[in-house]
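Engineer: Model the structure of this input:
(one chain, ligands or ions: 1)
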Amino acid sequence: MKHDLNQKNFQHIVILTGAGISAESGIKTFRDHNGLWENHRIEDVASPEGFERDPSMVYNFYNKRREQLLSPDLKPNFGHLALAKLEKNFHGKTTLVTQNVDNLHESAGQQNIIHMHGELLKMRCLTTNEVFTTEQSFDGQTLCACCQRPNQLRPHIVWFGEVPFSMDRIQLELSNCDLFFSIGTSGQVYPAAMFGQIAKQNGALTVEINKDPTENSPFFDKSIIGKAGEILPPFVDNFLNS
Ligand code: BV8
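Structural biologist: This is a model prediction of the structure:
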């Protein structure tokens, strides 16, 4: 029965994660901020217009989040570790698409990751589009390694109004997968919010795992309510050992 969640029934899994998978590691979700950051709407801070209007506020927004990400006590949680175990032991292909800009999936050992909204530990030159990794804070005074000029660097992050990365590859994965998980995302940010329906239209079984029901819950074949760090370890073990 296709709806039996055991690995024998599936060849290609796509997993979409959102801020909820990192919540138990101590990183606030988008909704925890009620969409606000220091009294600014996040869509305003995380946008090209916001960067144009007040670059130092945007540099500060990301420098603070990068600092938090790099603090020694910030670690992947049992949810991240369970997904890495799934990828390692599943007999078929696993692709993880994350809306998150943290590196906790990598730290947990996940290999095949698409960061559709970019990465906090990367910056990009506005002139050459060259991407550099960084663990330091940076701002308009920081010279980029390619042009050696100020006011050239921006966070390598997809802002509201910008096109997410790797959309062609994601579309291909969604059309080829037979099992789709949406984990820790409110489904309020597009186009990620459409991925579950696209996978379903292409014949995949779709499963949502989230602390709270979402507007998209009725569209999933299964919706499991609970914290990712608690649900995923037994779920993955049952799936792999079935
Ligand atoms: C684009 C980087 C065109 C920044 C981010 C319709 C169609 C297309 C576009 C739009 C559309 N309507 C509106 C738009 C525009 C816009 C959009 O979606 N706006 C929203 C506000 C309505 N979208 C865009 O601009 C996107 N670009 O559309 O280009 C296009 C379209 C298609 C194809 C080509 C081109 C670009 C959006 C990217 C914005 N950048 N991130 C940064 O992080 O600083 S999005 C940002 O929001 C983060 O990535 C974050 O992940 C995301 C918020 O979503 P969630 O991850 O879901 O987080 P949230 O807090 O909302 O929810 C957390 C959930 O976890 C909750 O449900 C909670 O219950 C649950 N949870 C909490 N704890 C746990 C848990 N679950 C399990 N366990 C727990 N412990």
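
Engineer: just the residues of the chain that are near the ligand, which are they?
Structural biologist: 18-20, 23-24, 29-31, 43, 46, 99-101, 117, 157-164, 167, 184-186, 188-191, 210-212, 214, 227-229 (CB under 6 Å from any ligand atom). All C-beta atoms are positioned from the backbone trio N, CA, C, and that covers glycine.

Engineer: Return the residues in contact with the closest residue to Gly118 other than its chain neighbours.
Structural biologist: Nearest non-adjacent residue to Gly118, counting by CB to CB, 6 or more residues apart in numbering: Ile157, 3.9 Å away. Contacts for Ile157 (CB atoms under 8 Å, 6 or more residues apart in numbering) come out as 46, 62, 101, 117-120.

Engineer: Of the residues of the chain next to the ligand, which belong to helices?
Structural biologist: Of these, the ones assigned to helices by DSSP state H are 20, 23, 43, 167, 228-229.

Engineer: Just the buried ones from these?
Structural biologist: By neighbour count, with 16 or more other CB atoms under 10 Å, those hold 20, 23, 228-229 as buried.

Engineer: Out of the ones in helices among the residues of the chain next to the ligand, which comes closest to the ligand?
Structural biologist: Gly20 (2.3 Å; CB to the nearest ligand atom).

Engineer: Wait, a strand at Leu121?
Structural biologist: Yes - counting by DSSP: H, G, I helix; E, B strand; the rest coil, Leu121 is part of a strand.

Engineer: ok, it to the ligand distance?
Structural biologist: Distance of Leu121 to the ligand, computed by CB to the nearest ligand atom, to the nearest Å: 13 Å.

Engineer: Quickly note the distance from that residue to Glu38.
Structural biologist: From Leu121 across to Glu38, the span is 22 Å (CB to CB, to the nearest Å).

Engineer: ditto for Leu143
Structural biologist: Taking CB to CB, one finds Leu143 at 27 Å from Glu38.

Engineer: who's more crowded, those two?
Structural biologist: Leu143 (13 against 10; other CB atoms under 10 Å).

Engineer: ok, the more buried one touching Phe132?
Structural biologist: No - counting by CB atoms under 8 Å, Leu143 stays clear of Phe132, with 11.3 Å between them.

Engineer: which residues touch Phe138?
Structural biologist: Contacts of Phe138 (CB under 8 Å, 6+ apart): 59, 63, 123, 153.

Engineer: Sitting in strands, which of those residues do you find?
Structural biologist: 123, 153 (DSSP state E).

Engineer: mind giving me a markdown table with the contacts of Phe138 and columns for neighbour count and pLDDT?
Structural biologist: Formatted as a markdown table, the contacts of Phe138 follow (neighbours: other CB atoms under 10 Å; pLDDT from 0 to 100):
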| residue | neighbour count | pLDDT |
| --- | --- | --- |
| Tyr59 | 21 | 96 |
| Asn63 | 18 | 96 |
| Met123 | 25 | 98 |
| Leu153 | 27 | 98 |
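
Engineer: Mind picking the two most distant members of the contacts of Phe138?
Structural biologist: Spatially, the most separated pair among the contacts of Phe138 is Asn63 and Leu153, at 11.7 Å (CB to CB).
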